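1. this one's sequence-less:
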């Protein structure tokens, strides 16, 4: 080794040891006869001391190094005069006797500090420098720890990690596939998996009983801020289970992760039906760190000649605890906020439940004191609370109120990133009607779509609705939601060929299409497929949640930008004509003209 | 859970317990009033007993099930009359009280037994049934165990598992890339990584210090029996190390795997130079389970008027212990074997060192008793041994002798799959001349090629030869060889921009090409790159070695065949015109005409 110790491990107990350290120059200070260098590596920072009286040339040499030079030093561990209690190595320093520059460095384009002056694009381009920053490194250390703990937990429960293939078959179901032209099979293409769904089901048919994998998946979607074309899932499947068994098993995993990684005792994870989540939070992934549930105001507001409420499909309120003192200006601002096109509410009605017990609303013309008392009783307001009411078409108003609730939660400091509230949302609808979506292939637009995916089992008690009222059929499907973020989801799968065929039929597949795309799975169901189910967690998102960040990019070593580009390696890029020819494809883009 | 226990866990101590089991019908026997079913799951086989006197209908129902039906039974654990000591559950059986068919099964196309009657193609097509066989499942359980042990070992040594991207940039270095057209970046392509080489080096530049990953890699090569287009590596890199540190660290990993997975105490792994490996074994991956080293016979055979030896560049012998009794027929057969076109030797000379001490050769006309004694002394033969000699052009003869040595090792039973002999081959040449290879792009043919890859550091003492005699430059590169199989390899990397540029120049890159393809790495070297090195193990091969198999396919859940096809899912396949259009490519294969 080029070093005897790391920069994070020497203590007072090591005094007088002869040591060799390697690392990067964090900063250097020249104090007359003494030069000090903070030497950094992944494990910490150790102070180096160069005494001009001992070796003048070496001190001069040391003074010549700049930030981010890589150096190697040997010397003895001595006690520091002015100790730095904030640093675990802050009680000692190295009195340097030998010194060597291992590699030089240009001045980095941004500072390698916890708070850097580098913008996002610059940090992405020089990701290898960004990775030197404590914050980024700690995110990836967290990710490593979570992967190890996940694997060890599942291993103890007899789950087998099995690698499923990356070069698979393109299917028109779901989002767009990335495809890979096959040179050896002319005119044919592999696809990269959007998930290992069918393979993990085949592993269950193969008797593997319990499977997991921490696995890369791929989706060629138009990217939003928090999406990456390649992402990682904790993918799991179990045989001979019912929904409850899966929820219990993976609640165990999540609670174990909170305990081992963050030392948090996560309480039992409650279950909430999709219907309740929509009714009380207007959202299938409610943030339950705070209450502020939706209250139906239709009844207490009707027949008072306030046309807006009378004519609205939905009148819904929330009670913001302790917000009665919001000024008129704040309320006007909130009104503008809900009227933005993204939310599209026509206005915001409010009622202050004042500290003195009186209630004053923005619609006093229509509602007298007694009416407003009924409002208060209905939504459980106390003196000091603010009642906020939205009205309008059901879906749109619910959605706007969901956003308003989250906004009020944020403004009132109820969404603390160090607090965690988890729940299972269960009983999702099996299907949803979709008029067409730019992320879905046209051939599947304007039809029933699987809310989870086509392999999800309907609830047996709803089987009879499949033919009469597909939209009312509930699925044995579930999502894990933490702090308003969907962390994972899954379902009990169909394991019966006829039911699977019926499902494909509902989703608009012809028999031939279903056979061509998923014949291998339906055939497998004819050879003794066990009842099975599973789920997948978004690992990038789970890591960012644990790390207290909203961005998954911070938890990916080499992320891509919103155009799917890696700006560091400058990819994707053009390939040679020779490559295209070997692959039997041509690019319709004229390279000499295109950007 | 649909079961209270698995089919592998009940014992005599569980007698009288009421249990519920699920699994597959392995076989059933009808013995008059009793029907017995062997119920199988991943964990074992448990015998079920149906007593006609207790429940006639249920017994009849049980008799109706066929092989591979999935059933659920409840009943009590009872002691078996005729115990089966070969089965861990063989002392008990379940007296069934409730019985349910969970799913039916067609008759499988091959038997789900340790020795199946299914051929390779059939087993691949119905891989989900093949996976039910003990042997295949055990292989994948072994793989799981090896991955867990690898991760835990490296975790303890402070290695961080970091995921590197799968959608990267195509580079003309090495084998062919699989490419992925980018929809969002018109006319441009991602490539799938042949290895995470540059990314792991950038992680070192980023201060990550110790990295590993068990990671899928991709190579669009013409497939040989033991190659897959996607394969898995244990990929590792360390900073501030010298070659010895890497060898020691990963010798530790391998020995730990042998200990934890196979309970084998692997001795210290010896080092052998590439030059010695070529001289003594004619091969850079010698099988050292047996000795039988090459002996240079030039001197002891020359000047005896035997033209074949006199004119040969190389005369080389091996001494096959205990093979003196080989019959003339066996020796003729061996001669034919070395003369096959694959080996291309012109003939085989032998000398029997008989039990009585006499030596008889196939060239007695040229070599008298005294000459043959010199042969014997030179190669250390004892009475009972057989001396085999090949002569001819150096490279070809060495290669043929290497094959002959392995063949003799096999014939003499010296290549026991349960014995393991490892060694590090070190000091590989940095470069090799390549006149062109169908697996390399034409633009790189007929030039110096990197023996490992272009990022490998030359030995500092050979720097001066880079300009004068590139072929003589040795690299800080090493391979781990076990039982004659290359299990892994790596090198100390270049961390200096100038040296890296010089290397690209030697490999025939123009400055512009080097900058375009690898500019990001060379730029990174200008910002404080630490000295670093690493290696990668072929995980599929390591698993097959541990499992005592020659085929990596047996250790991959869903392998592809030699045409790169997954015959189970029928992939690759054609994709829709709509998909092609969105990706801005056209396929030059006319689908209506093509196969």
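-> Yes, it's here. Quantities reported herein were computed from a predicted structural model and do not represent experimental measurements.

2. Now do the SS call for the residue in the stretch 351-500 of chain A that chain B sits nearest to.
-> Using CB to the nearest CB, residue A:495 is the residue of the stretch 351-500 of chain A that sits closest to chain B, at 6.2 Å. Glycine gets a C-beta too; all of them are placed from N, C-alpha and C. Classification of residue A:495 using DSSP: H, G, I helix; E, B strand; the rest coil returns coil.

3. Show me what residue A:361 is bridged to.
-> residue A:351 (DSSP bridges).

4. Looks like it contacts residue A:350 (just checking).
-> Yes: the pair formed by residue A:361 and residue A:350 meets the contact definition of CB atoms under 8 Å, at 6.7 Å.

5. what about the nearest residue to residue A:306 once chain neighbours are set aside, distance to residue A:387?
-> Of all residues not flanking residue A:306 in the chain, residue A:366 sits nearest, at 4.0 Å (CB to CB, 6 or more residues apart in numbering or on different chains). As for residue A:366, its distance to residue A:387 is 15 Å (criterion: CB to CB, to the nearest Å).

6. now swap in residue A:208 and tell me
-> Residue A:208 is 54 Å from residue A:387, by CB to CB.

7. now the strands for the stretch 1-150 of chain A?
-> A:18-31, A:34-41, A:44-51, A:70-79, A:92-103 (DSSP state E, counting those that start in this stretch).

8. pLDDT on the helix or strand containing residue A:432, on average?
-> Per DSSP states H and E: residue A:432 is located in strand A:431-434. The average pLDDT for strand A:431-434 rounds to 86.

9. Summarise which helices and strands that strand is packed against.
-> strand A:447-450 (3 or more CB pairs under 8 Å, 6 or more residues apart in numbering or on different chains; DSSP states H and E).

10. buried ones in the longest helix anywhere in chain A?
-> Using DSSP state H, we find that the single longest helix of chain A is helix A:134-156. Of the residues in helix A:134-156, those buried under the neighbour-count criterion (16 or more other CB atoms under 10 Å in any protein chain shown) are A:136-137, A:139-151, A:153-155.

11. Over to stretch A:257-276?
-> Buried, per 16+ other CB under 10 Å, within stretch A:257-276: A:257-258, A:260-262, A:266, A:269, A:271-272, A:274.

12. List of residues touching it?
-> A:142, A:145-146, A:149-150, A:153, A:247, A:251, A:254-255, A:284, A:286, A:420, A:422-429, A:474, A:480, A:542, A:546 (CB atoms under 8 Å, 6 or more residues apart in numbering or on different chains).

13. Ends of that stretch, what's the gap?
-> Stretch A:257-276 has its terminal residues 28 Å apart, counting by CA to CA, to the nearest Å.

14. Let's test this: mean pLDDT of that stretch, rounded?
-> 97.

15. Residue of the stretch 451-595 of chain A nearest chain B, please.
-> Closest point on the stretch 451-595 of chain A to chain B, by CB to the nearest CB, is residue A:589, at 2.9 Å.

16. do the same with the stretch 201-350 of chain A
-> Closest point on the stretch 201-350 of chain A to chain B, by CB to the nearest CB, is residue A:206, at 3.1 Å.

17. tell me the pLDDT at that residue?
-> 98.

18. Not counting residues beside it along the chain, what's closest to it?
-> residue B:131 (3.1 Å).

19. Quick check: that neighbour touching residue A:211?
-> No: taking contacts as CB under 8 Å, residue B:131 lies outside contact range of residue A:211: 10.7 Å.

20. Just want to know which of the two has more residues nearby.
-> Between residue B:131 and residue A:211, counting by other CB atoms under 10 Å in any protein chain shown, residue A:211 is the more crowded of the two (29 against 24).

21. For that one, which three-state class applies?
-> strand.

22. Specify the residue ranges that define each domain of chain A.
-> Here the domain parsing of chain A from automatic domain parsing is A:12-103, A:139-167+A:195-271+A:424-561, A:290-415.

23. follow-up on the earlier one: in strands only, show me the contacts of stretch A:257-276.
-> A:422-426, A:480 (DSSP state E).

24. Now do the helices in the stretch 301-450 of chain A.
-> Here the stretch 301-450 of chain A has its helices, by DSSP state H, counting those that start in this stretch, at A:307-311, A:328-339, A:369-379, A:394-411.

25. Please apply the same query to the stretch 151-300 of chain A.
-> Under DSSP H, counting those that start in this stretch, the stretch 151-300 of chain A gives helices at A:197-205, A:243-262, A:274-281, A:298-301.

26. okay, those, which one's buried deepest?
-> helix A:197-205 (a mean of 26; mean count of other CB atoms under 10 Å in any protein chain shown).

27. Specify the angle between that helix and helix B:134-156 in degrees.
-> Orientation of helix A:197-205 against helix B:134-156 (axes from the mean of the first three to the mean of the last three CA atoms, to 10 degrees) gives an angle of 120 degrees.

28. ok and helix A:197-205 relative to strand B:92-103, angle-wise?
-> Going by the same axes, to 10 degrees, helix A:197-205 makes 140 degrees with strand B:92-103.

29. Tell me who's in contact with residue A:218.
-> A:177-178, A:192-194, A:229-231, B:166-167.

30. Apart from its neighbours in sequence, what residue is nearest it?
-> residue A:192 (3.9 Å).

31. residues contacting that neighbour?
-> Neighbours of residue A:192 in contact, by CB under 8 Å, 6+ apart: A:166-168, A:177-180, A:217-218, B:166, B:180.
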